[in-house]
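Novice: 3D, please:
(one chain, ligands or ions: 1)
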Amino acid sequence: MAEKLRFRDPELAKSIAQQIQKLAPKDGTVKLCHVCGTHEWTITHYGLRSLLPKNVEVIAGPGCPVCIVPAAEIDEAVQLAQKGAVVTCFGDALRVPGSEMSLLEAKAAGADVRVVYGVSDAVGMARREQDKEFVFFAMGFETTAPSTAVEALGNPPENFGFLVSHRLIPPAMELLLGVGDLNISGFIAPGHVSAIIGMKPYELFPRVYRMPTVVAGFEPIDVLMAVYMILKQLSEGAARLENEYSRVVKWEGNTRALEVMNKAFAVTGGNWRGIGRLPGSALKLREELAAFDAREKYDVHVAQGKDILLGCECHLVIIGKIKPNECPMFMKACTPTKPVGACMVSSEGTCSVWARSAAT
Ligand code: SF4
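Specialist: Presented below is the predicted three-dimensional model:
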């Protein structure tokens with residue numbers, strides 16, 4: 001087993017872990033769920049699960065924005081590239097499997113697919129190369145949607161379009177509560193998403209579902225504190241929304257970012273890889289910006305995509321139903337250098353996080 005990273009303040013970590021031990025239930029198992037690739041990275045690389053009581057489990061939900069993009073939307077990007085548009089995307093998006101091929105494979109076959117660090121780079125390319133049509137494949141949760149919104153509202157050049165695949169986290173959390181045998185007892189909500197959306201969108205979890213919910217940062221101490229705060233609520237029979245990451249997350253969120261998102265996007269239903277359609281979980285450009293919607297502008301049509309390849313268990317990993325090492329392909333047919341499923345492609349994918357932890 002690989003050596004885990006060291007805590008900056010081991011005494012504090014030990015003390016929180018002791019408090020957690022005291023709060024562990026006497027009978028049964030408590031299952032807490034996070035929905036964030038960075039939380040999974042922290043938990044795995046610092047070995048936090050080994051500090052928890054045997055009957056307190058932390059599972060990873062759909063927290064990787066690349067893993068949950070359905071194959072049909074990769075197919076749309078591939079189709080655009082094959083039609084001659086320059087498709088720009090984040091590096092993580094390149095190898096995500098589509099129904100027939102990834103963007104990397106389309107590139108290898110001659111399509112012009114370029115990696116960018118941000119949407120403004122893509123817009124800059126379109127301004128410089130006006131003889132070509134450019135598309136930005138806009139993936140990500142509420143953390144990346146504001147920068148797409150800013151560019152969409154900023155009068156992009158005529159030879160530019162957005163293939164919007166942004167998704168929203170709270171509807172995915174709500175879905176998990178409907179998966180009967182997951183039996184989640186509390187949520188650790190993602191700090192970076194919450195820095196944008198604030199606390200309000202999580203209010204329904206304690207209010208409607210009696211689900212303790214704690215927004216947490218990404219240091220190992222943050223995650224341990226969130227576990228402690230949820231167990232404390234459970235021991236009191238309470239269900240509250242609490243903010244462990246108050247040094248960054250405000251109740252109202254980032255109002256400027258929310259304003260631009262709201263101006264550029266309408267909320268709609270969206271498909272999630274391996275999960276299916278979730279109402280109110282996706283963003284699309286508003287009518288006023290339809291001229292920049294790549295699907296309409298370039299008349300993109302794809303059939304229903306093939307999300308899960310034979311033998312791949314990504315659909316179960318994405319909702320935390322199984323751990324990566326319970327997939328028969330994990331570190332055999334599917335590795336970070338030769339990924340089969342989407343969860344092994346992105347550095348935020350649960351399988352990739354586990355694989356890299358085992359390898360370092
Ligand atoms: Fe999918 Fe590979 Fe993970 Fe299996 S190991 S669930 S195939 S990503």
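Novice: Does anything pack onto the strand or helix carrying residue 215? Which helices or strands?
Specialist: Take DSSP states H and E as the rule and residue 215 turns out to sit in strand 213-216. With contacts taken as 3 or more CB pairs under 8 Å, 6 or more residues apart in numbering; DSSP states H and E, strand 213-216 sits against strand 186-190, helix 191-197, helix 220-236, strand 241-243. C-beta: built from backbone N, CA, C; applies to glycine.
Novice: Which one of the ones you listed lies nearest to residue 344?
Specialist: Taking CB to CB, strand 186-190 is the member of the helices and strands packed on strand 213-216 nearest to residue 344, at 20.9 Å.
Novice: contact partners of the closest one?
Specialist: Residues from elsewhere that reach strand 186-190 (CB atoms under 8 Å, 6 or more residues apart in numbering): 30, 32-36, 38-39, 58, 63, 141, 169, 173, 202, 205, 211-216, 223, 226-227, 230-231, 233-234.
Novice: Stretch 320-330 too?
Specialist: 33, 59-61, 176, 179, 181-182, 311-314, 316-317, 331, 334, 340-341, 343, 350-351, 354-355.
Novice: can you do 6 Å?
Specialist: Residues outside stretch 320-330 that contact it (CB atoms under 6 Å, 6 or more residues apart in numbering): 33, 59, 60, 61, 311, 313, 316, 317, 340, 350, 351, 354.
Novice: Next: stretch 214-233.
Specialist: Applying CB under 6 Å, 6+ apart, the contact partners of stretch 214-233 are 7, 16, 19-20, 23, 32, 38, 42-43, 46, 48, 186, 188-189, 191, 194, 212, 240, 242-245, 249.
Novice: Can you select the buried ones among those residues for me in ChimeraX?
Specialist: Buried members of those, defined by 16 or more other CB atoms under 10 Å, are picked up in ChimeraX with:
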select :7,16,20,23,32,38,42,43,46,48,186,188,189,191,194,212,240,242,243,244,245,249
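Novice: among the contacts of stretch 320-330, which ones are buried?
Specialist: Using 16+ other CB under 10 Å as the burial test, the contacts of stretch 320-330 include 33, 59, 60, 61, 313, 316, 317, 340, 350, 351, 354 as buried.
Novice: Please name the nearest non-neighbouring residue to the last one.
Specialist: What it means is residue 354. residue 324 (4.3 Å; CB to CB, 6 or more residues apart in numbering).
Novice: how close does the one you found get to residue 331?
Specialist: For residue 324, the distance to residue 331 equals 9 Å [CB to CB, to the nearest Å].
Novice: between those two, who's got more neighbours?
Specialist: residue 324 (27 against 16; other CB atoms under 10 Å).
Novice: quick check: domain ranges of this structure?
Specialist: Following automatic domain parsing, one finds the domains of the chain at 29-65+170-243, 71-169+255-297, 314-359.
Novice: For these, give me CSV that also has mean pLDDT and distance to the ligand.
Specialist: Converted to CSV, those look like this (pLDDT from 0 to 100; distance: least, CB to the nearest ligand atom, whole Å):
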stretch, mean pLDDT, distance to the ligand
domain 29-65+170-243, 96, 10
domain 71-169+255-297, 97, 9
domain 314-359, 92, 2
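Novice: Of these, which is nearest residue 307?
Specialist: Per CB to CB, nearest to residue 307 of the domains of the chain: domain 71-169+255-297, 4.8 Å.
Novice: Tabulate the domains of the chain (a markdown table), appending distance to residue 305.
Specialist: Converted to a markdown table, the domains of the chain look like this (distance: least, CB to CB, whole Å):
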| stretch | distance to residue 305 |
| --- | --- |
| domain 29-65+170-243 | 17 |
| domain 71-169+255-297 | 3 |
| domain 314-359 | 12 |
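Novice: Scan this structure for its longest strand.
Specialist: In the chain, assigned by DSSP state E, the strand with the most residues is strand 276-285.
Novice: How about residues contacting that one?
Specialist: Contacts for strand 276-285 (CB under 6 Å, 6+ apart): 145, 164, 166-168, 171, 175, 265-272, 293.
Novice: Kindly confirm my reading that residue 147 is in a helix.
Specialist: Yes. Judged by DSSP: H, G, I helix; E, B strand; the rest coil, residue 147 forms part of a helix.
Novice: Report the separation between the residue with the largest distance to the centre of the chain and residue 125.
Specialist: Relative to the centre of the chain, the most outlying C-alpha is that of residue 131, 34.9 Å out, by CA atoms, centre = their mean. As for residue 131, its distance to residue 125 is 12 Å (criterion: CB to CB).
Novice: can you check residue 54 too?
Specialist: The value you get for residue 54 to residue 125, if CB to CB is used, is 53 Å.
Novice: Give me whichever of the helices and strands packed on strand 213-216 is most buried.
Specialist: The highest mean neighbour count among the helices and strands packed on strand 213-216, using mean count of other CB atoms under 10 Å, belongs to strand 186-190: a mean of 28.
Novice: Okay, angle between that strand and helix 220-236 too, please.
Specialist: On the basis of axes from the mean of the first three to the mean of the last three CA atoms, to 10 degrees, strand 186-190 is oriented at 150 degrees to helix 220-236.
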